[in-house]
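> Sequence and predicted structure, then a few things I'm wondering about:
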Amino acid sequence: MSDTRFKPGQSGNPKGRPPKARRPNVTAFEIVLDKRLTANVGGRERELTVEEVLQQQTLKDALAGKRMAIRKVLKMIEKREAALARKGGVRRTPMTFEQHHCADNANEAMRILGIAEPDPEFPSRWKVNAWATQAALSKPGRRKFTDKDVKDIKFFTSDPETLRWPRGRIA
């Protein structure tokens, strides 16, 4: 029998071959989002990730009234709230709300949302923008419009000649 270090049946490497280092599952998109940029925030230069810059730009667009950006910010807030709720460490203090109902507030809200504008000829009268009227006309399952309805809709809509009336809904 030969003189060896290992007895028959005994491995020279009992733990086996060490496993290969795994490459993390990182997408190219995630690599780009983690890149760092120098951005001017509030008059000061800061180093931010691309993701943070995109979030800042989305917030800026939302504050400027862009609807898609507003939706995105609301979704980000919702995700944050859900994560905080899962964490369980957030205590919320109850808030009280006072609601003041006033026609001026509703008019201003419609103006901000681009739904209605004051009539240039009669500033106390408001006219609904054609896109908003068209959206209301296009809703399915509505009753038929009488001639008076059509006349009123045209009267209270700015640029009523651009409206497309749904087929079969005018009496």
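In hand now; what should we look at? Residues are numbered from 1 along each chain as shown.

> Tell me where this structure has helices.
Shown for the chain, the helices assigned by DSSP state H span residues 28-34, 50-63, 67-87, 103-112, 130-137, 147-155.

> Give me the below-cutoff pLDDT ranges for this protein.
1-2, 89-92, 99-104, 142, 171 (pLDDT under 70).

> can we see that at 80?
Low-confidence segments of the chain, defined by pLDDT under 80, span residues 1-14, 22-24, 26, 29-31, 33-34, 39-42, 88-95, 97-107, 140-143, 167-171.

> quick check: domain ranges of it?
Dividing the chain into domains by automatic domain parsing, as the record does, gives the ranges 28-87, 104-162.

> got those as JSON lines, with mean neighbour count and distance to R5 columns?
(C-beta placed from N, C-alpha, C; glycine too.) Converted to JSON lines, the domains of the chain look like this (neighbours: other C-beta atoms under 10 Å; distance: least, C-beta to C-beta, whole Å):
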{"stretch": "domain 28-87", "mean neighbour count": "12", "distance to R5": "47"}
{"stretch": "domain 104-162", "mean neighbour count": "13", "distance to R5": "83"}
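
> Nearest approach to P94 belongs to which of these?
Of all the domains of the chain, it is domain 28-87 that lies closest to P94, at 15.8 Å by C-beta to C-beta.

> measure the closest one end to end?
Terminal residues of domain 28-87 are spaced 30 Å apart (C-alpha to C-alpha, to the nearest Å).
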